[in-house]
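Participant: Compute the structure for the input listed below.
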Amino acid sequence: MSPATHPDHGPEDLCRAGLDLYGRALREGQVSSADADASPCLVAFGLLRPCVTGTGRLEPVAPAVALHRLLRTSADRIAGERQREQRLVETFEPLMSIGGQPAGTAQRPDIDVVGGLDRINEAIAEAMADARHELLAIQPYDGRSPAERLAKSLGRDQDLLDRGGRIRTLYQHTQRYSPAVTARYEQLTGDAEARTLDQITERLIVIDRTVAFIPANADRTLALTVRHPVLIEYFATTFDRLWHLATPMHPTAATRAAPGGFTPRQRAIAALLVEGHTDTDIAERLGMNVRTARVHIAKLAATLGSESRAQLGYLIGRSGILDREG
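Facilitator: Numbers count the residues shown, from 1 in each chain. As a prediction, this is how the structure comes out:
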């Protein structure tokens, strides 16, 4: 195969000729430059390099070294795309507010994009400054301490309460005893309530049922500001239904029953195990780290006398743990 006919591909899709030659180079320590002419991808991707001990010879780069370099290049490219994404948002955000309307008649769009954590916090603070009635919030556990985020929002939330407003927040059950969350409600004075569920939706903030904020990407560096009345009503209705299913945490914490000797946490994990979720999925859904999830799964297995994952699902079904209401 000549360079002219060599297929165009990336390092993740090495051609058969390239794989064979690279494998031979690793086994023998060197290959000739002439052999590599038919597989120019190996030199292009840095898998072969000139041998210092002989002209016309190439030596292989260790696979671990090559892989690390290629992964780093890929990560740099992804980081560059994210920066480009944010610059695009920052460029077009002020233009979106114009909406093609005549000067002096422009209105805020029903759905807007806000880029950057600082700008998102500023947008929420601006909306909270005008709030008079109610804040609805869903705050899922993201694996990081919520102390810093809660400290930033404490002042603006207290201002709403001082104006006679109301705050209702949903957390996951794992946050019931979080020092940062507990301290927050010890400091707030006014009509502030909190409840918990095993599983909740992504982060949601609804202010005075006129504006909402939801994440627009996985790492929450982009957010959507939503003002469309139909969507706001949908968010608020969803929140209300989750709220009525949740267990009170503040101001009066309710003790959840443990029917049949199984705790509510074990029942939640059992339900997800039966559905076939992995340990990582279970941890993310229930707001805990994977290690803690595995400890709970091990305790559940010990309680039911299970010796394998497959047997555990069978024993959960036989135990009736999911048939009881807690």
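
Participant: And the pLDDT at Arg16?
Facilitator: Looking at Arg16, its pLDDT reads 88.

Participant: Would you mind giving both backbone torsions of it?
Facilitator: In terms of degrees, to the nearest 10, the main-chain angles of Arg16 are phi -60, psi -40.

Participant: all helices of this structure, in order?
Facilitator: Remark: helices assigned in the chain by DSSP state H are 16-28, 33-36, 41-44, 63-96, 117-129, 147-162, 179-187, 229-245, 264-274, 279-286, 290-304, 309-319.

Participant: I'd like the ones you listed as TSV, with mean neighbour count and distance to Thr252 appended.
Facilitator: C-beta: built from backbone N, CA, C; applies to glycine. Shown next, in TSV, are those (neighbours: other C-beta atoms under 10 Å; distance: least, C-beta to C-beta, whole Å):
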stretch	mean neighbour count	distance to Thr252
helix 16-28	16	66
helix 33-36	15	74
helix 41-44	20	67
helix 63-96	12	43
helix 117-129	15	26
helix 147-162	15	18
helix 179-187	15	11
helix 229-245	14	15
helix 264-274	20	18
helix 279-286	18	23
helix 290-304	16	26
helix 309-319	15	32
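
Participant: Can you lay out the ones you listed as TSV showing distance to Asn217?
Facilitator: Listed next are the helices of the chain as TSV, based on distance: least, C-beta to C-beta, whole Å:
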stretch	distance to Asn217
helix 16-28	35
helix 33-36	42
helix 41-44	33
helix 63-96	8
helix 117-129	11
helix 147-162	17
helix 179-187	25
helix 229-245	18
helix 264-274	25
helix 279-286	16
helix 290-304	23
helix 309-319	33
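
Participant: now for those, which one comes closest to Leu135?
Facilitator: Nearest to Leu135 among these is helix 147-162; the distance by C-beta to C-beta comes to 6.0 Å.

Participant: can you list contacts of that closest one?
Facilitator: Defining contact as C-beta atoms under 8 Å, 6 or more residues apart in numbering, one finds that helix 147-162 is touched by 121, 124-125, 128-129, 131-132, 135, 167, 179-181, 183-184, 187-192.

Participant: Go again with 7 Å.
Facilitator: Residues outside helix 147-162 that contact it (C-beta atoms under 7 Å, 6 or more residues apart in numbering): 121, 125, 128, 131, 135, 167, 180, 184, 187-192.
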